[in-house]
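K.L.:
When you get a sec, could you give me coordinates for this:
(one chain, ligands or ions: 3)
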Amino acid sequence: LHNCSHSVAIIGAPFSKGQKRRGVEHGPQAIRDAGLLDRLSTMDYPLHDYGDLNFTHLAKDECFMHVPFPRTVGLANKMLASAVGSAVEAGHTCITLGGDHSLAIGSVQGHYKHCPDLCLIWVDAHADINTPLTSPSGNLHGQSVSFLLKELQDKMPEVPGFSWLKPFLSTSDLVYIGLRDVDPGEHYILKNCGIQYFTMRDIDRMGIQRVTEMSLDHLLSRKQKPIHLSFDIDAFDPSLAPATGTPVNGGLTYREGIYLAEEINNTGLLSAMDLVEVNPTLGATREAVEATASLAVDVIAASLGKTREGAHISFDKLPSPGT
Ligand SMILES: N[C@@H](CSCCS(N)(=O)=O)C(=O)O
Ligand SMILES: [Mn+2]
Ligand SMILES: [Mn+2]
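P.N.:
Numbering: from 1, shown residues only. Ligands and ions are numbered 1, 2, ... in the order given. Okay, here's the model as predicted:
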């Protein structure tokens, strides 16, 4: 059953323990302050704002190897999975506002529970596919995808806090767009698992239209599947999205990012989306923070059907003149 309904749920996931910098937990509020709800309400959707989840920070949560806060991250994702699952089950297209990218573990799993044939589009400067054994930082926001993939399970240790999660995604149902900062361990996994990915070099060579077309063809040509779009704001060039934790030069232009979102909307298959890594404390100026948060609103709106050409309702629905 495709959950590509036209009602939208918003879930705030003020979460930061997948990495070490403070402030990304204020991402959801920054995106709301940039006018998300007003923008979406002009799009004639029934909107269900679930508010922000209240995550528990576990006092006793020793590192696992060099991985900080494993139990806190695991519990937060278990909670988020439940919230996303409820929203999807209620028939909404579910938008999760981050928060760091470790929250995609819960968001994708919650979506999968009700859409077991989902496919995943990961738009990011980074692959976020380190395992605890390959991660240079230990940060779980750089390991999210490795917790989801069935083919990686013999490479994954049992991480405390994640016993609730059984890996469910096939590598063939995953595509990356925007990669430009991939660790050696991640590169080995991408190649060894035959994962389809398009780097910024691919976009330079083929252009965003061809990359988008090849990505959607790779995922959907055999079977139309609900799409989970996990969009890291750092996929954009840092000149457009400076308020984020791991900026990398040479990112998506505004037009490339919006075009990609428009094409994903045009499939009619978008079923859930994450917009993550907006960190309002990292912008050098208020304008930098607002530009980053406003860009997040634009990407979400474009993913949900806002077009650059505009739209109109059929004239017979307009109030007759003089009423
Ligand atoms: N690859 C690095 C950086 S991961 C950056 C995570 S994110 N969510 O893309 O900002 C690591 O694993 O620590
Ligand atoms: Mn990421
Ligand atoms: Mn990233």
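
K.L.:
Below-threshold pLDDT in this structure: ranges please.
P.N.:
Within the chain, the segments meeting pLDDT under 70 span 1-5.

K.L.:
quick one, helices of it?
P.N.:
For the chain, the helices defined by DSSP state H occupy 27-33, 36-41, 70-89, 104-114, 184-192, 200-220, 254-266, 286-303.

K.L.:
Which positions in the last one come out as buried?
P.N.:
Judged by neighbour count using 16 or more other CB atoms under 10 Å, the buried positions of helix 286-303 are 288-303. To be clear about C-beta, it is placed using only N, CA and C from the backbone, and glycine gets the same treatment.

K.L.:
ditto for the fourth one
P.N.:
Residues 104-114 are the ones in helix 104-114 that count as buried (16+ other CB under 10 Å).

K.L.:
Let me have those residues in TSV, extended by distance to ligand 1.
P.N.:
Listed next are the buried residues of helix 104-114 as TSV, based on distance: CB to the nearest ligand atom, whole Å:
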residue	distance to ligand 1
Ala104	8
Ile105	11
Gly106	14
Ser107	13
Val108	14
Gln109	17
Gly110	18
His111	18
Tyr112	20
Lys113	23
His114	25
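
K.L.:
Out of those residues, flag the one nearest to ligand 2.
P.N.:
Ala104 (7.7 Å; CB to the ion).

K.L.:
which ones are touching the closest one?
P.N.:
128, 144-145, 230, 274, 276 (CB atoms under 8 Å, 6 or more residues apart in numbering).

K.L.:
on that earlier part again, buried deepest among the helices of the chain, which one?
P.N.:
Of these, the one with the most neighbours on average (mean count of other CB atoms under 10 Å) is helix 104-114, at a mean of 26.

K.L.:
So is it next to ligand 2?
P.N.:
No. Residues of helix 104-114 are not located near ligand 2 by CB under 5 Å from the ion, the shortest gap being 7.7 Å.

K.L.:
tilt between that helix and helix 70-89?
P.N.:
For helix 104-114 against helix 70-89, the angle by axes from the mean of the first three to the mean of the last three CA atoms, to 10 degrees is 40 degrees.

K.L.:
how much space between the residue sitting nearest the centre point of the chain and ligand 2?
P.N.:
The centre of the chain sits closest to Ser230, judged by CA atoms, centre = their mean, with a distance of 2.2 Å. Counting by CB to the ion, to the nearest Å, the gap between Ser230 and ligand 2 amounts to 8 Å.

K.L.:
Just list the residues touching that residue, thanks.
P.N.:
For Ser230, the contact set (CB under 8 Å, 6+ apart) comprises 101, 104, 107-108, 120-124, 273-274, 276.

K.L.:
ok, back up a step: so of the contacts of Ala104, which ones are in strands?
P.N.:
Those of these mapping onto strands are 230, 274, 276, per DSSP state E.

K.L.:
residue contacts, the residue of the stretch 51-200 of the chain found nearest ligand 2?
P.N.:
Residue nearest to ligand 2 within the stretch 51-200 of the chain: His101 (3.5 Å; CB to the ion). By CB under 8 Å, 6+ apart, His101 lies in contact with 18, 124, 128, 141-142, 144, 230, 232, 274, 276-277.

K.L.:
Pull the number of nearby residues for the closest residue to ligand 1 within the stretch 201-323 of the chain.
P.N.:
Going by CB to the nearest ligand atom, ligand 1 is nearest to Thr246 of the stretch 201-323 of the chain, at 4.2 Å. Using other CB atoms under 10 Å, Thr246 is surrounded by 21 other residues.

K.L.:
same thing with Pro238?
P.N.:
Pro238 has 18 nearby residues by other CB under 10 Å.

K.L.:
thought it was touching Gly251?
P.N.:
Yes. The pair Pro238 / Gly251 is scored as a contact, 6.5 Å apart, by CB atoms under 8 Å.

K.L.:
May I see the helices of the chain organised as a markdown table, with distance to Leu133 added?
P.N.:
Listed next are the helices of the chain as a markdown table, based on distance: least, CB to CB, whole Å:
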| stretch | distance to Leu133 |
| --- | --- |
| helix 27-33 | 29 |
| helix 36-41 | 38 |
| helix 70-89 | 14 |
| helix 104-114 | 17 |
| helix 184-192 | 8 |
| helix 200-220 | 27 |
| helix 254-266 | 32 |
| helix 286-303 | 32 |
